[in-house]
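>>> Have a look at this prediction, sequence included:
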Amino acid sequence: MLLAIDTATTRASIALHDGRTLRSECTWEAVNRHTTTLAGRIAQMLEDSNLTPAALKGVAVCIGPGSYTGVRIGVALAKGMAIARQLPLIGIPTLDILAAAQPADERPLYAVFAAGRQRVGFARYRWNEGRWHIETEVMMGTWAELFAQIDAPALLVGEIEPANLPAHTQVVLPSPALHLRRAGFLADLAWARLRAGQADDPTTLQPLYAR
C-alpha cells in the first residue's frame with residue numbers, strides 16, 4: 001500500500017493506492033491548516049480502510065513548487081515516515097500531478113498554481129507517447145505574462161479564478177473536476193516510478209520552491 005501526500009497549495013490531498021486500485025482519497029481546503037489537519041486525516045483514512053501504518057510499503061509526496069509552508073509540511077511528514085519505517089519515498093512536482101489527470105489532446109497544456117500576490121506558477125506540457133511531457137521550466141509571473149505566451153489554442157488547467165481570465169482568449173478550460181489536483185494521480189505517478197526502481201533518497205530529497 002502506498003500513501004500519497006500533497007500539501008503544496010491551499011487544497012491538500014491524500015490517497016491510498018495498492019498498485020492496482022485507488023483504495024481511498026481525500027481532498028480538502030487546508031488553507032493555513034496543513035499542520036493541524038494532515039496527520040489526523042491520514043490516520044482517519046487508514047482507520048477507515050481497516051489499515052495500520054504497518055501496511056504501508058511506500059510514500060509519495062508532492063515536492064512543489066507552491067506555498068512555502070504547505071510544501072515544507074508535506075515533504076517533512078513524508079520524509080519522516082519514510083525514514084522511520086524504512087519505506088521507499090517518491091517525490092513528484094506539483095504541475096506533473098495536475099497534468100497527469102488531463103485526457104489526451106493535440107493542443108499544448110498550460111498547468112498552473114496560484115502563487116499569491118496576483119502571481120501564478122505555470123509550465124507548458126505536450127501530449128506524446130501516451131502521456132503529457134513538460135516542455136518548459138516552471139515559470140513565475142503575472143496572469144498577463146502567462147497569457148502573453150499563449151498565441152495559439154491551448155488548454156489551461158489548475159488554480160484559476162474566473163476574474164483572471166481575459167476576454168477573447170484562445171485558452172480552453174477543461175471541465176471543473178479536472179482543475180482539482182488529486183493525490184490519486186500523484187499515487188499513479190509514484191507507482192510507475194517505484195516499478196522502475198526510481199525511489200528517492202529520503203535523507204536528501206528537497207522541496208522545490210517557487211522563485
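Nice, thanks for sending it over. Note that the coordinates shown come from a computational prediction; the quantities given were computed from them, not determined experimentally.

>>> could you pull out the helices for this structure?
In the chain, the segments counted as helices under DSSP state H are 34-48, 68-85, 94-100, 143-148, 183-195.

>>> so which of these is the most packed in?
With neighbours taken as mean count of other C-beta atoms under 10 Å, the helices of the chain reach their highest mean count in helix 94-100, at a mean of 25. Where you see a C-beta, it was placed from the backbone N, CA and C, and this is true even at glycine.

>>> what's the spacing between that helix and its chain's center?
5 Å (C-alpha atoms, centre = their mean, to the nearest Å).

>>> Show me what it is packed against.
Using 3 or more C-beta pairs under 8 Å, 6 or more residues apart in numbering; DSSP states H and E, the elements in contact with helix 94-100 are strand 109-116, strand 119-128, strand 131-134, strand 154-158, helix 183-195.

>>> Indicate each strand paired with the third one and its parallel or antiparallel sense.
The strands that strand 131-134 pairs with in its sheet are strand 119-128 (antiparallel) (by DSSP bridges).

>>> relative to strand 109-116, how tilted is the partner strand?
Interaxial angle, strand 119-128 versus strand 109-116 (axes from the mean of the first three to the mean of the last three C-alpha atoms, to 10 degrees): 160 degrees.

>>> So what touches strand 119-128?
The contact list for strand 119-128 (C-beta atoms under 8 Å, 6 or more residues apart in numbering) reads 65-66, 94-95, 99, 104-106, 108-115, 132-143, 146, 149, 154, 158-159, 164, 210.

>>> Likewise for stretch 18-26?
1-2, 13-17, 41, 45, 48-49, 182-184, 187-188, 191.

>>> Need the helices of the chain in JSON lines (columns: distance to Ala8).
Listed next are the helices of the chain as JSON lines, based on distance: least, C-beta to C-beta, whole Å:
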{"stretch": "helix 34-48", "distance to Ala8": "10"}
{"stretch": "helix 68-85", "distance to Ala8": "5"}
{"stretch": "helix 94-100", "distance to Ala8": "5"}
{"stretch": "helix 143-148", "distance to Ala8": "18"}
{"stretch": "helix 183-195", "distance to Ala8": "10"}
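
>>> Pretty sure Trp28 sits against Leu38.
No: Trp28 lies out of contact with Leu38 (C-beta atoms under 8 Å); the separation is 9.8 Å.
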